[in-house]
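*Asks:* Any chance you can model this:
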Amino acid sequence: MRSWRHLLCVYPYRSELGRRNGFYPPLGLEIIAAALKPHFRAIDVIDLRRETGNAADFLRPDTDLVCFSVNWDREAGFLREQIRSVPPGILTVVGGRHATEDPEKWLSECPNVGIVVRGDGEETVGEIAEGRPLEGIAGISYRLEGRIVHNPVRQCAKVRGDLYPDKKLRRYKYTMDQSGLTGPQFDTVASSRGCPFNCAFCSFSRNPWGGKRAWSARSPESVVDEIETIDAGLVGFVDDNFTHDMDRVAAICDLIIARGIRKRFIANARLEVARRPDVLRKMERAGFSMLLLGIESAQDKTLRSMRKGFDTKRLREYFRVLRKSRMILFGYFIVGNIGESEKEMLQIAPFARRLGIDVIQLTVLRNERYSGVEDLVASNPGCHIAPDGLVYSDQCPPELLRNIRRRIHRRFYGLTQLLQLCGKAIRNRIVTPRVVSGIPGFVLGEAIAHWKQKRMRRKRRRLAEEAQAASPV
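*Replies:* You can find the predicted model right below:
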């Protein structure tokens, strides 16, 4: 077995989701570092969103292995520059969701890359570190005698309860900053993987090769053991479906309460959580402050085509239970669903307010690999997929979709809604009153933007009327 010295793990992005300093730590990369820890004398985990330097600046004379986490198709030039900066003689491994999609590209365009890990990487990198022959390691692509070899895929293993990030390797504090003010320190936990549901547009319930990914979860004891190692006061569960097993959720809450852990938690949840009001109350006592709920549409026809498993009548029944909770209810909606008119999309704002949702997030429908959206587009004449994956129709081109999204936001986030949200956020200790003090400026900015838009519409209408009056009969 090889004796390894220094491991360098690099998150090679400058920004994420429009933020220069994203508040989500690179959890997947930190799990890889934890899997490799038994094999190395020293480990550095570098997040280039938090650094002014480059990956090569963190190389040491004893660096034996560099791992890059490539999950997004952004900053392509910068990514390649960072990966290529590792000199020959140091094993360079690239992994992550985006790298998995086209491993041959990374091996072809980056001559120094020795191995591309496809799919879940923690078991694979462990076998690499153990010194197993490459031809016997499932789920990797590599060079052999001038050609690229793709080994058989590695089946998704069950989630390991003993493998989670070592916080002692963390170099940074991740905070949820708002309005130029420093917000609460934030961290993440992955307590399960996969989702048993089959929503038509979703690619996250699939493994990296398009097959259905079975739901697999860590034990409640393992999850709470990790939470006890976290310094941050606000913790987000990144599970695709944290609430699939509500008895497990109840056991996690019982352990948090029994151990006297005082933190605030955010989690993705299916709306069926409303069937267990007893667990909802227990979640509140344990510190859960926000539920992220995938609603997606205000139209029954769309919910049916998406195979969401509920309709608007059932939604109203669920929210009669949910809005009694003191937790913040965060609803995801999609703008540009296939078959929806502009008028139907604009119903999202009043529908969400009637349900009692506190926050909405609007995304424009996009085609992701293995999501099934491509098949829906093909079966609907007049629908198209733009080069960047955005889905649009002849009736709703991209610019109109963006305009609809802005209008829904403005109609939903009135002053009353914002004040109600601020009050809930303070009560749940997700933000401080100091951060909330920046809200009036936001409200004023929105009001000014709305006034300018109305003024521009009146001007256009007046010019159109003048042009029509001046035209010959």
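*Asks:* quick check: domain ranges of this structure?
*Replies:* 6-150, 178-437 (automatic domain parsing).
*Asks:* residue ranges with poor pLDDT in the stretch 201-350 of the chain?
*Replies:* 201-212 (pLDDT under 70).
*Asks:* For Glu344, which non-adjacent residue is closest in space?
*Replies:* Gln299 (5.4 Å; C-beta to C-beta, 6 or more residues apart in numbering). For the C-beta atoms, the positions are set from N, CA and C on the backbone; glycine is no exception.
*Asks:* I'd like to know how many residues surround the one you found.
*Replies:* 21 (other C-beta atoms under 10 Å).
*Asks:* surely it meets Glu340?
*Replies:* Yes - the pair Gln299 and Glu340 passes the contact test of C-beta atoms under 8 Å, sitting 6.0 Å apart.
*Asks:* ok, now how distant is Pro87 from Leu59?
*Replies:* From Pro87 across to Leu59, the span is 8 Å (C-beta to C-beta, to the nearest Å).
*Asks:* I should have written Thr100 there, sorry.
*Replies:* Applying C-beta to C-beta, the value for Thr100 to Leu59 is 25 Å.
*Asks:* Show me where the stretch 51-200 of the chain has its strands.
*Replies:* Assigned strands in the stretch 51-200 of the chain, in chain order: 63-69, 91-95, 113-117, 140-144, 147-150, 186-189, 192-193 (criterion: DSSP state E, counting those that start in this stretch).
*Asks:* These: which one's closest to Met456?
*Replies:* Among these, the nearest to Met456 by C-beta to C-beta is strand 186-189 (38.6 Å).
*Asks:* show me what contacts the nearest residue to Pro152 once chain neighbours are set aside?
*Replies:* In space, and not counting its chain neighbours, Pro152 is closest to Ala138: 5.3 Å by C-beta to C-beta, 6+ apart. Contact analysis of Ala138 by C-beta atoms under 8 Å, 6 or more residues apart in numbering lists Thr124, Asn151, Pro152, Val153, Arg154, Gln155.
*Asks:* do that again at 10 Å, thanks
*Replies:* Ala138 is in contact with Arg118, Gly119, Glu123, Thr124, Glu127, Asn151, Pro152, Val153, Arg154, Gln155, counting by C-beta atoms under 10 Å, 6 or more residues apart in numbering.
*Asks:* Selection in PyMOL covering whichever of those residues are buried, please.
*Replies:* In PyMOL, a selection of the buried entries from those looks like this (16 or more other C-beta atoms under 10 Å):
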select buried, resi 118+119+123+124+127+151+154
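*Asks:* would CSV of the domains of the chain with distance to Leu463 be doable?
*Replies:* Output for these, formatted as CSV (distance: least, C-beta to C-beta, whole Å):
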stretch, distance to Leu463
domain 6-150, 35
domain 178-437, 19
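*Asks:* Tell me which of the ones you listed sits nearest to Asp162.
*Replies:* Ranking these by proximity to Asp162 (C-beta to C-beta) places domain 178-437 first, at 7.0 Å.
*Asks:* how far out from the middle of the chain is the closest one?
*Replies:* 10 Å (C-alpha atoms, centre = their mean, to the nearest Å).
*Asks:* Select, out of the domains of the chain, the one closest to Ala464.
*Replies:* domain 178-437 (18.2 Å).
*Asks:* returning to that earlier point: could you give the backbone dihedrals for the residue nearest to Pro152?
*Replies:* The phi/psi pair for Ala138 (degrees, to the nearest 10) reads phi -70, psi 150.
*Asks:* just the helices in the stretch 151-300 of the chain please.
*Replies:* Secondary structure of the stretch 151-300 of the chain (DSSP state H, counting those that start in this stretch): helices at 220-227, 246-258, 277-286, 300-305.
*Asks:* Turn the ones you listed into JSON lines, including distance to Ala55.
*Replies:* Shown next, in JSON lines, are those (distance: least, C-beta to C-beta, whole Å):
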{"stretch": "helix 220-227", "distance to Ala55": "28"}
{"stretch": "helix 246-258", "distance to Ala55": "37"}
{"stretch": "helix 277-286", "distance to Ala55": "40"}
{"stretch": "helix 300-305", "distance to Ala55": "44"}
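*Asks:* want to try CSV for these, with distance to Arg405 and mean neighbour count as columns?
*Replies:* Formatted as CSV, the helices of the stretch 151-300 of the chain follow (distance: least, C-beta to C-beta, whole Å; neighbours: other C-beta atoms under 10 Å):
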stretch, distance to Arg405, mean neighbour count
helix 220-227, 36, 20
helix 246-258, 33, 18
helix 277-286, 31, 17
helix 300-305, 16, 17
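*Asks:* Show me the one of those that comes nearest Asp358.
*Replies:* Nearest of the helices of the stretch 151-300 of the chain to Asp358, taken as C-beta to C-beta: helix 277-286 at 14.7 Å.
*Asks:* and the direction of the closest one versus that of helix 220-227, what angle?
*Replies:* For helix 277-286 against helix 220-227, the angle by axes from the mean of the first three to the mean of the last three C-alpha atoms, to 10 degrees is 30 degrees.
*Asks:* And helix 277-286, what does it pack against?
*Replies:* For helix 277-286, the helices and strands in contact under the criterion 3 or more C-beta pairs under 10 Å, 6 or more residues apart in numbering; DSSP states H and E are helix 246-258, strand 264-269, strand 288-296, helix 312-322.
*Asks:* picking up where we left off before, out of the contacts of Ala138, which one sits closest to Thr312?
*Replies:* Nearest to Thr312, judged by C-beta to C-beta, of the contacts of Ala138 is Gly119 at 37.4 Å.
*Asks:* Could you check how far the closest one is from Phe319?
*Replies:* In this structure, Gly119 and Phe319 are 37 Å apart, going by C-beta to C-beta.
*Asks:* Also His409?
*Replies:* Counting by C-beta to C-beta, the gap between His409 and Phe319 amounts to 20 Å.
*Asks:* that older thread, any shared contact partners between Pro87 and Leu59?
*Replies:* Val66.
*Asks:* Which of the two has more residues huddled nearby?
*Replies:* Taking neighbours as other C-beta under 10 Å, Pro87 and Leu59 compare with Leu59 leading, 17 against 12.
*Asks:* is it true that the more buried one touches Ile90?
*Replies:* Yes - judged on C-beta atoms under 10 Å, Leu59 makes contact with Ile90 at a distance of 7.2 Å.
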